[in-house]
Each structure stands twice: as structure tokens, then as C-alpha cells.
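*Asks:* test case, fold it:
(one chain, ligands or ions: 1)
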Amino acid sequence: MNIVIENVGKTFIDSKKKEVTALENINFTIADQEFVVLVGPSGCGKSTLLNIVGGLLSPSSGSVYFEGEGLKNKNPNLGIVFQEIALFPWRTVFENVVYGLQEQKASKQEQKEKGQYYIDMVGLTGFEKAYPKQLSGGMKQRAGIARALAIEPDLLLMDEPFSALDAQTRTLMQEELLTIWNRTKLSTLYVTHNIHEAVYLADRVIVLSRHPGRIKSIITIDLPKIGRNDDQYREQFEQYADDIWQLIRHDAQEALKEG
Ligand SMILES: Nc1ncnc2c1ncn2[C@@H]1O[C@H](COP(=O)(O)OP(=O)(O)OP(=O)(O)O)[C@@H](O)[C@H]1O
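*Replies:* A predicted model of the protein is given here:
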């Protein structure tokens, strides 16, 4: 699905009743089957923007269009994965994965087929009857991804989905996400602090600056989607990462000072 984010701005009132411009004049598109990553320092408005695109927050100005239609008319099917996967502890993996399908009143047969298909896709075969407390962090994240995919969304929204995982699990999950993405080719908007993760996953990286959050640059990653961290691309990969870091560096230092 094609998504257009047009002139989006967002102002909050902080605890001292002061206006905070979190986002200003944000314009970009997510093409059908495109993987767009938002990067930027802490507080640049990444999560706010993702929540606006997902209809969880309304913008103070501007609009988001899905295939040319506003959220009110279109009601797109959205798959959302957050950093802290909120699995229902009293539901098994299978019951969690089919939750969205049940909400959509899918038949039992469809739940069974799609639930199993996406459980298999994320590598949780055999854990259908397990409860969340029996799963590792990476497995919980897989279950959350399967739940988001099971509704076969028009757009997949992912907000730092792997940042609570240890570095090795994170690397493996990034690889798996790409494999899964290659099978589903869903339009995706993905938020991360991690520049290497952005270069590894993205078709395009949108770099945001902070206070106010504006688009600083949009960078097309012109490397093959699979195998881009192979030795032969290492130099180009590192060059992209370095270019993005140079764009973020100053703002990241400011963010650090402000705490
Ligand atoms: N509900 C709110 N009320 C007031 N200010 C808010 C609210 N939500 C976000 N902000 C402010 O808007 C700005 C952007 O916040 P946001 O959480 O979107 O940034 P972020 O880039 O996702 O940050 P991080 O990477 O640290 O999660 C920040 O200055 C934040 O303090």
C-alpha cells in the first residue's frame, strides 16, 4: 500500500504548560512494498511520527493518506510491533497470534491456517501451546511479529522492536526479519536508534533532527536487500552508516547534554 505523509506537525503541551514542537513539516511517502526506516537521536519525534501514521495519535497539522484516502475513510489494516511486546500472558502463543484475526471475526479455519502459517514463518513451530512466560525475549518478539503479520496488514509499523534484546539475538532477529519481509514484502515503517540496523534493513532511511523534529535527509540505500552486510559491500555499508552518523552526531550530542 502507498502511504503519503503530508506536512505533518505535532505540538505537545509539556508539564510546565509550555508548547513543545515535536514534529514540523514532515513530508515523505512509503511506497508499496517499501521498507522505510526512521532514525534520529533521542527525542526527535520518531515514535510520535510512527504513532501518527498508525492513527494512535492525531497530528496537530497535516495528514496521512493511505492510497490517497485519509484514515477516517480508509481504515487500513495495520500491524504494529513495539519494543515491549504486549502479549496476553493468559493466552498461548497460538492464541496471541490469532488475536487480531479473532477481532476481525475470521473463521476458526482461517485462524488455524493463518495462525500456523505465521507461527512457522517466525520460527516458533512447536511453541504454539507455550505461554509468554515460558518464552525468551527473542521468542516473545517473534510471537509479536507473527501476531502483527497474521492480519496481513497493509502497513507494518515497528517501533524499536529489537532494542530490548541482547546484541546477538538482535542481529539474528534482524536477519530473520529480512527473510520474513522478503516473503511478505509489506510496506513497512520502522523506528530505530541504531544506524547499522537502519542501513541493514532499509530501502530508504529518513534522518530526523530534533527540537523541532524535521526531516534532515532521506537516503536511499542502494545495496541488495539480502546480503548487504557481506564483505563485498562492507565499504559501501560503512560509508552509509558514517554519512548518517555525521547527520545525527550534533543532535545526539545535544540530546545527551539535555539528558
Ligand atoms: N505526550 C507528550 N507530552 C509532551 N511531550 C511529549 C509527549 N510525547 C512526546 N513528547 C515530546 O516530543 C518529543 C518527541 O518525542 P518522541 O518520543 O516521539 O521522540 P523519539 O525520537 O521517539 O525519542 P526516543 O528515541 O527517546 O524514544 C520529545 O521532546 C518528547 O519529550
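*Asks:* distance of V36 from I5?
*Replies:* Look at V36 and I5: by Cβ to Cβ, to the nearest Å, they are 10 Å apart. (C-beta placed from N, C-alpha, C; glycine too.)
*Asks:* sorry, that was for I30
*Replies:* Noted for I30: a distance of 8 Å to I5, by Cβ to Cβ.
*Asks:* which parts of stretch 251-259 are buried?
*Replies:* Buried positions in stretch 251-259, judged by neighbour count with 16 or more other Cβ atoms under 10 Å: D251, A252, A255.
*Asks:* closest to the ligand out of the residues you listed?
*Replies:* A255 (7.9 Å; Cβ to the nearest ligand atom).
*Asks:* pretty sure that closest one sits against L208.
*Replies:* No. With contact defined as Cβ atoms under 8 Å, A255 does not count as touching L208 (11.6 Å).
*Asks:* dig out what L208 forms beta bridges with.
*Replies:* Beta-bridge partners for L208, by DSSP bridges, are I215.
*Asks:* that one against S47, yeah?
*Replies:* No. Between L208 and S47 there is no contact under Cβ under 8 Å: 10.9 Å.
*Asks:* which one of the two has more residues nearby?
*Replies:* Counted by other Cβ atoms under 10 Å, L208 and S47 do not tie: L208 has more neighbours, with 25 against 18.
*Asks:* ok, the more buried one to F82 distance?
*Replies:* 19 Å.
*Asks:* before we move on, what about Q134?
*Replies:* Per Cβ to Cβ, Q134 is found 21 Å from F82.
*Asks:* packing partners of the helix or strand bottoming out on mean pLDDT in the chain?
*Replies:* Every helix and strand in the chain was compared by mean pLDDT, DSSP states H and E; the lowest is helix 71-74, with a mean of 73. Applying 3 or more Cβ pairs under 8 Å, 6 or more residues apart in numbering; DSSP states H and E, one finds that helix 71-74 contacts strand 61-66.
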